[in-house]
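output the structure for:
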Amino acid sequence: MNEIQQKNNLFGWWKKVVFENYANFKGRARRAEYWNFTLANVILLIPFYVLGIIGAAYNSSVMAGLGFLGYGVGALGTILPSLAVCVRRLHDLNKSGWYYFICLIPLVGPIILLVWLFTDGNRFVNEYGEDPKNPAGPVFDFEQQPAS
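Numbers count the residues shown, from 1 in each chain. Sure, this is the predicted structure:
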């Protein structure tokens with residue numbers, strides 16, 4: 001698998017967010033980067049949570065403890081990258097990262113944030129950087145040099 005294909009798979013996006021952009025709040029993040037990171041994070045944390053629930057159901061304090069400990073360490077370890085990729089996703093919509101706190105408004109806040117996270121980003125350069133989907137930018141007919 002080449003490098004481009006490796007970065008465009010589910011866990012490739014997760015590794016990019018966690019290892020390359022752990023606390024990077026600058027720049028922009030595509031929808032694919034945000035949603036693939038979120039899905040991979042859920043897939044990685046669910047087994048620990050299930051192990052903890054099963055351990056608690058069968059009164060196995062060791063299994064429950066290991067499950068919930070693994071879940072807690074994983075969740076705590078990815079809080080900062082989750083927040084950073086969400087802020088960069090908002091930057092892609094040309095919104096400040098402070099708009100993240102709109103989710104604190106009961107009922108409508110999380111819905112508004114979710115709609116924004118599903119919305120396609122700005123196509124051109126905005127105040128947070130160039131378009132991550134098309135970094136070279138579109139080429140218009142009037143920008144092309146005439147053939148000699």
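
give me phi/psi at residue 105?
Dihedral angles of residue 105 (phi, psi; degrees, to the nearest 10) stand at phi -70, psi 120.

for stretch 111-124, which positions count as buried?
Of all the residues in stretch 111-124, those buried under the rule 16 or more other CB atoms under 10 Å are 113, 116-117, 121-122. For glycine as for every other residue, the C-beta is placed from the backbone atoms N, C-alpha and C.

which of these sit farthest apart?
113 and 122 (17.5 Å; CB to CB).

for stretch 47-66, buried residues please.
48-49, 51-52, 55, 63-64.

what about those residues, which are in helices?
The members of the buried residues of stretch 47-66 that map onto helices under DSSP state H are 48-49, 51-52, 55, 63-64.

between which two of those residues is the distance greatest?
Farthest pair in those, by CB to CB: 49 and 63, 12.4 Å.

which strands or helices does the host helix or strand of residue 110 pack on?
Assessed by DSSP states H and E, residue 110 sits inside helix 108-118. Using 3 or more CB pairs under 8 Å, 6 or more residues apart in numbering; DSSP states H and E, the elements in contact with helix 108-118 are helix 31-57, helix 79-92.

check those for me and report the most buried one.
Stretch with highest mean neighbour count among those: helix 79-92 (a mean of 21; mean count of other CB atoms under 10 Å).

just how off-centre is that helix within its chain?
6 Å (CA atoms, centre = their mean, to the nearest Å).

quick one: average pLDDT of it?
On average, the pLDDT along helix 79-92 is 96.

could you give the angle of that helix to helix 108-118?
Here the directions of helix 79-92 and helix 108-118 differ by 70 degrees (axes from the mean of the first three to the mean of the last three CA atoms, to 10 degrees).

CA-only coordinates of helix 79-92 in PDB, if you can.
Provided in PDB are the C-alpha atoms of helix 79-92 (Å, rounded to 0.1, in the frame of the first residue of the first chain):
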ATOM      1  CA  ILE A  79      -9.500  14.100  24.500                       C
ATOM      2  CA  LEU A  80      -7.000  16.600  23.200                       C
ATOM      3  CA  PRO A  81      -6.800  15.300  19.700                       C
ATOM      4  CA  SER A  82     -10.600  15.100  19.500                       C
ATOM      5  CA  LEU A  83     -10.900  18.700  20.500                       C
ATOM      6  CA  ALA A  84      -8.100  19.700  18.100                       C
ATOM      7  CA  VAL A  85      -9.600  18.000  15.100                       C
ATOM      8  CA  CYS A  86     -13.000  19.500  15.900                       C
ATOM      9  CA  VAL A  87     -11.600  23.000  16.100                       C
ATOM     10  CA  ARG A  88      -9.800  22.400  12.800                       C
ATOM     11  CA  ARG A  89     -13.000  21.100  11.300                       C
ATOM     12  CA  LEU A  90     -14.700  24.300  12.400                       C
ATOM     13  CA  HIS A  91     -11.900  26.300  10.800                       C
ATOM     14  CA  ASP A  92     -12.600  24.500   7.500                       C
END
